[in-house]
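> fold the following.
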Amino acid sequence: MVVFGSVLGAMPDGEDKEGLSSVLTYFIGKLKGRHPALAMTELLAPDYVLSLHGEIASSAKRCAEEAVAMGLDLQEAGRILVDLDKQPAPTS
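Numbering: from 1, shown residues only. Take a look at the predicted model:
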């Protein structure tokens, strides 16, 4: 999350930034789902962020793979919904 946030902050506005914002929102939701009482200010405390420096590369790879998998899953779900919308409504 720290990696995505730092990259997002440095990007110019545009479609890529919007997509990355969605990825960041996904990971924030995942984190808050596991730890609802956790305040983002606690998570982003400078000492904690600096302590992660050695883990950033491996975490970025893992998170990118997870984000791609989630994106593919959402695209497939979207295709299913579009296909369902094309079917005639059931009659009662």
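> quick one: the helices in the chain?
For the chain, helices defined by DSSP state H occupy the ranges 2-10, 15-34, 40-43, 46-51, 56-86.
> now these as CSV including mean neighbour count?
(Glycine included, C-beta is placed from N, CA and C.) Converted to CSV, the helices of the chain look like this (neighbours: other Cβ atoms under 10 Å):
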stretch, mean neighbour count
helix 2-10, 15
helix 15-34, 13
helix 40-43, 11
helix 46-51, 9
helix 56-86, 11
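> these into JSON lines, with extra columns for distance to residue 92?
Shown next, in JSON lines, are the helices of the chain (distance: least, Cβ to Cβ, whole Å):
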{"stretch": "helix 2-10", "distance to residue 92": "47"}
{"stretch": "helix 15-34", "distance to residue 92": "37"}
{"stretch": "helix 40-43", "distance to residue 92": "48"}
{"stretch": "helix 46-51", "distance to residue 92": "57"}
{"stretch": "helix 56-86", "distance to residue 92": "18"}
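> mean pLDDT lowest for which of those?
Of all these, the minimum mean pLDDT falls on helix 2-10 (a mean of 58).
> spatially central residue in this protein, please.
Among the residues of the chain, residue 23 comes closest to the average C-alpha position under Cα atoms, centre = their mean, at 2.3 Å.
> any idea how far the closest residue to that one other than its chain neighbours is from residue 89?
Of all residues not flanking residue 23 in the chain, residue 67 sits nearest, at 4.7 Å (Cβ to Cβ, 6 or more residues apart in numbering). Separation of residue 67 from residue 89 (Cβ to Cβ, to the nearest Å) stands at 35 Å.
> could you do residue 76 as well?
To residue 89, residue 76 is 23 Å away according to Cβ to Cβ.
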